[in-house]
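[1] Sharing a model prediction with you, sequence too.
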2 protein chains.
Amino acid sequence: MTFTLDDLAGSGPLPEQDARTRVLETAYRLFYRHGLRATGIDRIIAESGVAKMSFYRHFPSKQALIDAYFDLRHARWMAWLEGRLGGSSSPRDGLAALPDALDDWFRSPGFRGCAFINGHAEAGSDAPAMTVTHKRALAARIEQQCEDAGLACPGDVAADLLLAIEGAIVRAQMDGADAARGPLHRLFARTLSDAGGERA
Amino acid sequence: MTFTLDDLAGSGPLPEQDARTRVLETAYRLFYRHGLRATGIDRIIAESGVAKMSFYRHFPSKQALIDAYFDLRHARWMAWLEGRLGGSSSPRDGLAALPDALDDWFRSPGFRGCAFINGHAEAGSDAPAMTVTHKRALAARIEQQCEDAGLACPGDVAADLLLAIEGAIVRAQMDGADAARGPLHRLFARTLSDAGGERA
DNA sequence: ATGTTGACAGACAGACCTGTCTTGTTCAAG
DNA sequence: CTTGAACAAGACAGGTCTGTCTGTCAACAT
């Protein structure tokens, strides 16, 4: 099962899906677009065409829905990353392809940064653990890719690439995809070059 | 006039200050710590020891207070940066000193990321223009420093450094200062090395 | 036929939020 | 002394938010 950029944006639920799926897909779209606090339960219920009691049958509280939202977002984002990392012929090419993959994401309609960064920024220390868990899973995945590529110091290289990725997401969110594209490509090229691969 | 990390954290108002200052300093501390939406007017009024009408005399709405908060934050943060950039003997050393300066900030008590990134993440397209203006001012200031240092392609170098700074802020906010320190120093060293300076 | 289950619709309570208004106090300038 | 500005304390209105509750209906199994 693969996921596309459309899945990351959230296209909204189809009427024939069951109530729980409709609620979760609506929350997925609204939480990402407008934020957690700015999205009320009433709006999610109205836009998903569900009764309030049906909502509370599937999700005991708004916090439970937020947790489910982050779980779903994490699964789809990691699956999208996996498709982009694995689409190249070698592990190192998979890493080198990341800046273009991210650039596609930054330019996709409805892009509004990283859901986990935004959620953490909004909720602070009260943020669900998944906001941090997601980033650690991403770090682990990139480090694995660096090991597979046979790079020197895969832990350091992965940390450098992750920091560049986070910076690019924030720059693209606040100042547009063009503000992130050049720097992200250059930082990736320098880091991979230092780690033993040839320069792009 | 210089500003320290304590000013960035916000120590809270002193009773002998006038009402407007007390409100603004309280908002400065609460908005940064808990976020914009999570901080209600009533709490700001209670903690600043001010009457509600006194608040609305100085700030016609909560949005006006938020704008004033971002203005103050911008002024203090840029003044803090100026002190750190100018503390070195040469423009290039000022740039090279930035990772340590940021590391100090990341480890200061109450650090919770960049107020402008957090505000933009929370409010989205409705965010005050200052959230973006601040980042562009920062980019311009770094580019100026790169020019003063006589680096090649100062625009590109500044964009690379800014992306690394944003990434470091997010990494430190979500996973602690240690997660940002190594990568930030390495990305700075590589970028400055490529731009013509000698490697640290 | 009858009971069960899931869902839709909407009223309701209690809390919170922003913003307005009233009342009384302090203090300084005229 | 009087007047007016700034301020403190708090009631109030109108809205929104989460979460609970009551009814009604359709599908379906026994």
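    Received, thanks.
[2] Could you list the residues of chain A in contact with DNA strand C?
    Applying C-beta under 7 Å from any atom of the strand, one finds that chain A approaches DNA strand C through A:D18, A:A19, A:R20, A:G49, A:V50, A:A51, A:K52, A:M53, A:S54, A:R57, A:H58. All C-beta atoms are positioned from the backbone trio N, CA, C, and that covers glycine.
[3] Report the spatially nearest residue to the fifth one, omitting neighbours in sequence.
    Distance criterion C-beta to C-beta, 6 or more residues apart in numbering or on different chains; nearest residue to A:V50, sequence neighbours excluded, is A:A19 at 4.9 Å.
[4] do the same with the last one
    Counting by C-beta to C-beta, 6+ apart, A:R20 is the residue found nearest to A:H58 once chain neighbours are left out, at 4.2 Å.
[5] Next, that neighbour: secondary structure please.
    helix (DSSP: H, G, I helix; E, B strand; the rest coil).
[6] How much space separates it from DNA strand D?
    In this structure, A:R20 and DNA strand D are separated by 16 Å, where distance is defined by C-beta to the nearest atom of the strand, to the nearest Å.
[7] Could you give the number of residues near that residue?
    When neighbours are defined as other C-beta atoms under 10 Å in any protein chain shown, A:R20 has 16 of them.
[8] That one against A:A64, yeah?
    No - between A:R20 and A:A64 there is no contact under C-beta atoms under 8 Å: 11.5 Å.
[9] Quick check: the gap between the residue nearest to the spatial centre of chain A and DNA strand C.
    Within chain A, one residue has its C-alpha closest to the average C-alpha position: by C-alpha atoms, centre = their mean, that is A:W77, at 4.5 Å. Distance from A:W77 to DNA strand C, counting by C-beta to the nearest atom of the strand: 27 Å.
[10] Pretty sure that residue sits against A:A137.
    No - look at A:W77 against A:A137 with C-beta under 8 Å: they stay out of range, at 9.6 Å.
[11] Export the helix or strand hosting A:F55 to PDB, keeping only CA atoms.
    When secondary structure is defined by DSSP states H and E, A:F55 falls within helix A:52-58. Coordinates of each C-alpha in helix A:52-58 appear next as PDB, following Å, rounded to 0.1, in the frame of the first residue of the first chain:
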ATOM      1  CA  LYS A  52     -22.600  13.800  17.900                       C
ATOM      2  CA  MET A  53     -23.300  10.500  19.700                       C
ATOM      3  CA  SER A  54     -21.800   8.600  16.900                       C
ATOM      4  CA  PHE A  55     -18.600  10.700  17.200                       C
ATOM      5  CA  TYR A  56     -18.400  10.100  20.900                       C
ATOM      6  CA  ARG A  57     -19.000   6.400  20.400                       C
ATOM      7  CA  HIS A  58     -15.900   6.000  18.300                       C
END
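[12] Check whether it comes near DNA strand D.
    Yes - legend: contact between helix A:52-58 and DNA strand D by C-beta under 7 Å from any atom of the strand is shown at A:K52, A:M53, A:Y56.
[13] can you list the residues that contact that helix?
    In this structure, residues lying in contact with helix A:52-58 by C-beta atoms under 8 Å, 6 or more residues apart in numbering or on different chains are A:A19, A:R20, A:V23, A:I41, A:I44, A:I45.
[14] Give me the buried positions along that helix.
    Within helix A:52-58, the residues that qualify as buried are A:S54, A:F55, A:H58, counting by 16 or more other C-beta atoms under 10 Å in any protein chain shown.
[15] Where neighbours are concerned, which of the contacts of helix A:52-58 has the most?
    For the contacts of helix A:52-58, counting by other C-beta under 10 Å, the largest number of neighbours falls to A:V23: 25 neighbours.
[16] Kindly state the pLDDT recorded for A:S125?
    pLDDT for A:S125: 78.
[17] Check the secondary structure at it for me.
    Put simply, A:S125 is helix when judged by three-state DSSP.
[18] Spit out the contact partners of the residue in chain A positioned nearest to DNA strand C.
    The shortest separation between chain A and DNA strand C is 2.9 Å, found at A:A51 (distances taken as C-beta to the nearest atom of the strand). Residues touching A:A51, when contacts are defined by C-beta under 8 Å, 6+ apart, comprise A:A19, A:I45.
[19] Need phi/psi at it.
    The phi and psi torsions at A:A51 (degrees, to the nearest 10) take the values phi -80, psi 150.
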